[in-house]
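Q: Here you go, sequence then predicted model.
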Amino acid sequence: MFCFQCEQTANCKGCAGSAGVCGKSGATAKAQDELTGALISLAMSGSNDYDLFIDGLFTTVTNVNFSAEKVNAITKRTASSPYDMAKIWNVDEDIRSLKSLILFGLRGMSAYAYHARALGYHDDEVNKFIVKAMAALGHDDYGMNELLPLVMETGQVNLKCMALLDKANTETYGTPSPATVSTGIDKGPFIVITGHDLKDLEELLKQTEGKGINVYTHGEMLPAHGYPELRKFSHLKGNFGTAWQNQQKEFDAVPGALVFTTNCLMPPKSSYIDHVFTAGLVEFDGVAHVEGRDFSPVIAKALELGGYDHDVPGGSLMTGFGHGAVLGVAGKVIEAVKSGAIRHFFLVGGCDGARSGRSYYRDFVKNAPNDTVILTLACGKFRFNDLDLGTIGGIPRLLDMGQCNDAYSAIQVALALADAFKCGVNDLPLSLVLSWYEQKAVCILLTLLSLGIKNIRLGPTLPAFVSPNVLNYLVENFGIKPITTPEKDLADILGK
């Protein structure tokens, strides 16, 4: 196998051999490459089977589907002879780099389109672009002049896709508002749900209502507590654990049923694999799969396990500061900036992961001056969301804006502030310090670049699939830079 699409790829170059760092086998990696090639061929044929493109691309996102058999089943649905992916991986490194940016951006975009589709929302412009861009990957004569504009267009269309998902979520579940979420566990039967899929959570809550089973979110499901239509379920009790890469430790010996949705997952250990259930596109060989959102097997397992025989104490976390909540107090925020009470905003967010160097983000937030505000989203927040940073004029200094799926919220806040101060986003007292791991982070980065946002700090390492020449282009045109140390980066940003 060879795979370099995630941040933790071996030696910052690429995973090779029989397995990847993520736990994906060589057979699964090969199957995912063949599926990608089949989708490219399908796109070049002019297909408009948009659901198949979305399912297929999302299936190849890091940490979604670990079963070669199930991936091959999707490839068969394409009825296409796969395009030879060696024509992408074994070409000029700059062409490979640009095609990788497009492909990985499309994989991330497909995740947002998948979640919106689950709630009945579609956008033909997004769907048609996915097919158009996939077809472009199969044009072996495309060079920098054709591919660079397509990279930027991927970011532009992803903004539309994120807006679609934001509309789907808020119209279905209400506008998120601030919520205090317990991290303790009540005694008795319980289910922990991880991943991102709000529709899965909604159906699980409906089916467990009145059955004496409590439901807890994990990882990127934490922001679900901000939605009024979800937190009205009294048995949605709180949040268990932290970010995705800690699952094998946190889920070990837990006497509750575990539901894995979407991505950001770890292969289950033998100690708890018998009470793991996958949903949607997620598959592990030997793990029970929930069909058609029928969670009755999960409910039966939770009742069988019985949960803890005592309350497990915990603390609390805050979430629910989406763009609706933040812009609802925009007047206070603007006045605080004008008065000097708020000197600077930092968006410190993105993916978490296991690679060393991610302690940077906790140290950065801890060292940020008391007259600054931290906006955060995605699972990177688990590096520091337990910190009590206090408030500025009643405004919390740490504002959790939601999942990586909610990056649209941060963009809307930035654009609204720029409009209020009658300046460009790059002129705001706002700095982006991002962590990345997988392909949704790639498409968000492309969206930020397509909006002309500059001087983004990115870490803990730069993408292995970005060639030196493409990196130089991003540095020269957008000021992309790697993180260094919290102290130096804070000093550089604040002009100390």
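A: Thanks, I have it. Everything quoted here is computed from the prediction, not taken from an experiment.
Q: pLDDT wise, what is the nearest residue to residue 281 once chain neighbours are set aside at?
A: Closest residue in space to residue 281, ignoring its immediate chain neighbours: residue 59 at 5.1 Å, by Cβ to Cβ, 6 or more residues apart in numbering. Quick note: C-beta positions are derived from backbone N, CA and C, even for glycine. On pLDDT, residue 59 comes in at 98.
Q: And residue 59, how far from residue 179?
A: From residue 59 over to residue 179 the distance is 32 Å, taken as Cβ to Cβ, to the nearest Å.
Q: ok, these two, which is more surrounded?
A: Set residue 59 next to residue 179 and count neighbours by other Cβ atoms under 10 Å: residue 59 wins out with 28 against 22.
Q: Please report how far that one lies from residue 44.
A: Residue 59 sits 20 Å away from residue 44, going by Cβ to Cβ.
Q: And for residue 338?
A: 54 Å.
Q: Between the two, which has more neighbouring residues?
A: residue 44 (17 against 11).
Q: Identify the residues contacting the more buried one.
A: Listed by Cβ atoms under 8 Å, 6 or more residues apart in numbering, the contact set of residue 44 reads 83, 135, 138.
Q: And the pLDDT for it?
A: Listed pLDDT for residue 44 reads 98.
Q: most remote residue from this structure's center?
A: Computed with Cα atoms, centre = their mean, the residue of the chain farthest from its C-alpha average is residue 339, at 35.3 Å.
Q: what's the average pLDDT for the lengthiest helix in the chain?
A: Identified as the longest helix of the chain according to DSSP state H is helix 144-173. Averaging pLDDT along helix 144-173 gives 98.
Q: next one: stretch 325-344
A: Per-region confidence: stretch 325-344 scores 96 on mean pLDDT.
Q: so how far is the first residue of it from its last?
A: Taking Cα to Cα, to the nearest Å, stretch 325-344 runs 19 Å from one end to the other.
Q: buried residues in stretch 453-471?
A: Going by neighbour count (16 or more other Cβ atoms under 10 Å), the buried part of stretch 453-471 is 453, 456-467, 470.
Q: wait, I meant stretch 166-175
A: Using 16+ other Cβ under 10 Å as the burial criterion, the residues of stretch 166-175 that qualify are 166, 168-170, 172-175.
Q: Dump these to TSV, plus distance to residue 197.
A: Formatted as TSV, these follow (distance: Cβ to Cβ, whole Å):
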residue	distance to residue 197
166	16
168	12
169	11
170	16
172	12
173	12
174	17
175	20
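Q: Between the contacts of residue 44, which sits nearest residue 269?
A: Nearest to residue 269 out of those is residue 83 (Cβ to Cβ; 36.9 Å).
Q: Quick check: residue 482 vs residue 461, distance?
A: 8 Å.
Q: what's the answer for residue 132, then?
A: Going from residue 132 to residue 461 by Cβ to Cβ gives 31 Å.
Q: same check, this time on residue 101
A: Distance, residue 101 to residue 461, by Cβ to Cβ: 16 Å.
Q: Ok, residue 278 next?
A: Going from residue 278 to residue 461 by Cβ to Cβ gives 30 Å.
Q: Mind listing the residues bridging to the spatially closest residue to residue 20 that is not a sequence neighbour?
A: With Cβ to Cβ, 6+ apart as the criterion, residue 20 has its nearest non-adjacent residue at 5.4 Å, and that residue is residue 3. According to DSSP bridges, the residues that bridge with residue 3 are residue 15.
Q: wait, what's in contact with residue 3?
A: Contacts for residue 3 (Cβ under 8 Å, 6+ apart) come out as 9, 14-15, 20, 24, 29.
Q: Return the members of the residues you listed classed as buried.
A: Among those, those scoring as buried are 9, 14-15, 20, 24, 29 (criterion: 16+ other Cβ under 10 Å).
Q: what's near enough to touch the residue lying closest to residue 437 once chain neighbours are set aside?
A: In this structure, residue 437 finds its nearest non-sequential neighbour in residue 351, 3.2 Å apart by Cβ to Cβ, 6+ apart. By Cβ under 8 Å, 6+ apart, the contact set of residue 351 is 7, 264, 378-380, 404, 435-438, 440-441.
Q: repeat that for 7 Å
A: Residues near residue 351 by Cβ atoms under 7 Å, 6 or more residues apart in numbering: 378-380, 404, 435-438, 441.
Q: Closest one of those to residue 212?
A: The closest of the contacts of residue 351 to residue 212 turns out to be residue 379 (Cβ to Cβ; 30.2 Å).
Q: Now do the same for the closest one: its pLDDT.
A: pLDDT at residue 379 comes out at 96.
Q: switch to numbering from 185
A: In the new count, where the first residue is 185, that last one comes out as residue 563.
Q: Tell me the spacing between it and residue 535.
A: Residue 563 sits 6 Å away from residue 535, going by Cβ to Cβ.
Q: now residue 476: how far from residue 464?
A: Residue 476 is 11 Å from residue 464, by Cβ to Cβ.
Q: Name the residue in the two with the higher neighbour count.
A: Neighbour totals were compared for residue 476 and residue 464, and residue 464 leads with 25 against 7 (other Cβ under 10 Å).
Q: Next up, the contacts around the closest residue in space to the more buried one that isn't next to it in sequence.
A: Leaving aside its sequence neighbours, residue 464 sits nearest to residue 445 (Cβ to Cβ, 6+ apart; 5.8 Å). Contact partners of residue 445, counting by Cβ under 7 Å, 6+ apart, are 377-381, 384, 463-464, 466.
Q: could you give the mean pLDDT of the helix or strand containing residue 628?
A: Assigned by DSSP states H and E, residue 628 falls within helix 623-634. Averaged across helix 623-634, pLDDT comes to 97.
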